[in-house]
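[1] Give me a model of this one.
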Amino acid sequence: MNEISKIKFYSTLPHPCSYLEGEQAVTIFMDPKAQVDRAQATMLSELGFRRSGTHIYRPNCLACKACTSVRVSAQTFKPKRSYRRIINKNADLTVEFVESIDNEECYALYSGYIAQRHSDGDMYPATREQYEQFLVDGLEITQYVTFRLDGELVAVAVMDQLEDGYSAVYTFFHPGMGERSLGRNAILWQIEHCRNQDLPYIYLGYWIKDCEKMSYKTQFRPLELYIDNRWLRLE
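    Residues are numbered from 1 along each chain as shown. Modelled structure (predicted):
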């Protein structure tokens, strides 16, 4: 069935927020044993849920509403000049869909990325077990995309195919190629891929106004924000 009303949901106890110092977070998450098809994943995304590994969740904090689910309107998106430069700079990359990223090459890229870009977070240090639970263990609708430069793996994008577009689950990339803006390039590629399939949205997960690491998400316009149980357009 495509209904989600019969799926069990659970709530965590209050715990320290990973993004805002001093805040207490509460998360509701779907029964990890439940089977989720594309229609259900789409409905959950439309309700502001997000996937991490086999966990589909949404913040439900009592005193804070900072986490805002956002999605890019792919069909009306027009890259600004700086984004066109990024696209042109990475035109020499080879892009390919792959069946799995459960290999040493992809894990080595991920481990180096976490060490360089997220050494201050709870994902550091990376372990193979954590990598597999986070990204390798996906859904039937999960797709993996690799980006290579002269055969060398430089970026990987993990995304879930929904009925109304794609959910950009996670992207990791070579930390020593900052001049290429590989993370933004991966999002731009996903938007274009979505446009080519006449699908409306790329879901980018949560945006927090006071979290600098998430500020890049609002640069992709038009953007829609899920506020008070409805999507609001930000031009």
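[2] Please name the strands paired to the worst-scoring helix or strand of the chain on mean pLDDT in the sheet, noting orientation.
    Lowest mean confidence among the helices and strands of the chain (mean pLDDT, DSSP states H and E): strand 15-16, at a mean of 92. Applying DSSP bridges to the sheet, strand 15-16 is found paired with strand 24-25 (antiparallel).
[3] Centre of the chain to the partner strand, how far?
    The chain centroid and the centroid of strand 24-25 are separated by 21 Å, computed with Cα atoms, centre = their mean, to the nearest Å.
[4] residues in contact with Tyr107?
    Residues in contact with Tyr107 (Cβ atoms under 8 Å, 6 or more residues apart in numbering) are Ile101, Ala126, Arg128, Tyr131. The way it works is simple: take the backbone N, C-alpha and C, and place the C-beta from them, glycine included.
[5] So for the longest strand along the chain, mean pLDDT?
    If you go by DSSP state E, the chain has its longest strand at strand 152-162. Per-residue pLDDT over strand 152-162 has a mean of 98.
[6] Next, count neighbours for Leu204.
    22 (other Cβ atoms under 10 Å).
[7] now the helix or strand harbouring it and strand 152-162, what's the angle there?
    Assigned by DSSP states H and E, Leu204 falls within strand 201-207. Here the directions of strand 201-207 and strand 152-162 differ by 100 degrees (axes from the mean of the first three to the mean of the last three Cα atoms, to 10 degrees).
[8] Pull up the pairing partners for strand 201-207, direction included.
    If you go by DSSP bridges, strand 201-207 pairs up with strand 68-73 (antiparallel), strand 165-173 (parallel).
[9] need the contact list for the residue nearest to the spatial centre of the chain.
    What sits nearest the mean C-alpha location of the chain, by Cα atoms, centre = their mean, is Val169, with 3.0 Å. By Cβ under 8 Å, 6+ apart, the contact list for Val169 reads Arg51, Ser52, Leu135, Gly138, Thr142, Val158, Met159, Asp160.
[10] State whether the first one and Leu139 are indeed in contact, as I suppose.
    Yes - with contact taken as Cβ atoms under 8 Å, Arg51 and Leu139 are classed as touching, separated by 7.4 Å.
[11] what about those two, which has more around it?
    Arg51 (24 against 20).
[12] Which of the helices or strands spans the more buried one?
    strand 50-52.
[13] before we move on, what about Ile114?
    helix 104-117.
[14] List the buried residues of whatever helix or strand comes next after that helix.
    Using DSSP H and E, the next helix or strand after helix 104-117 towards the C-terminus is helix 128-131. Using 16 or more other Cβ atoms under 10 Å as the test for burial, helix 128-131 gives Gln130, Tyr131.
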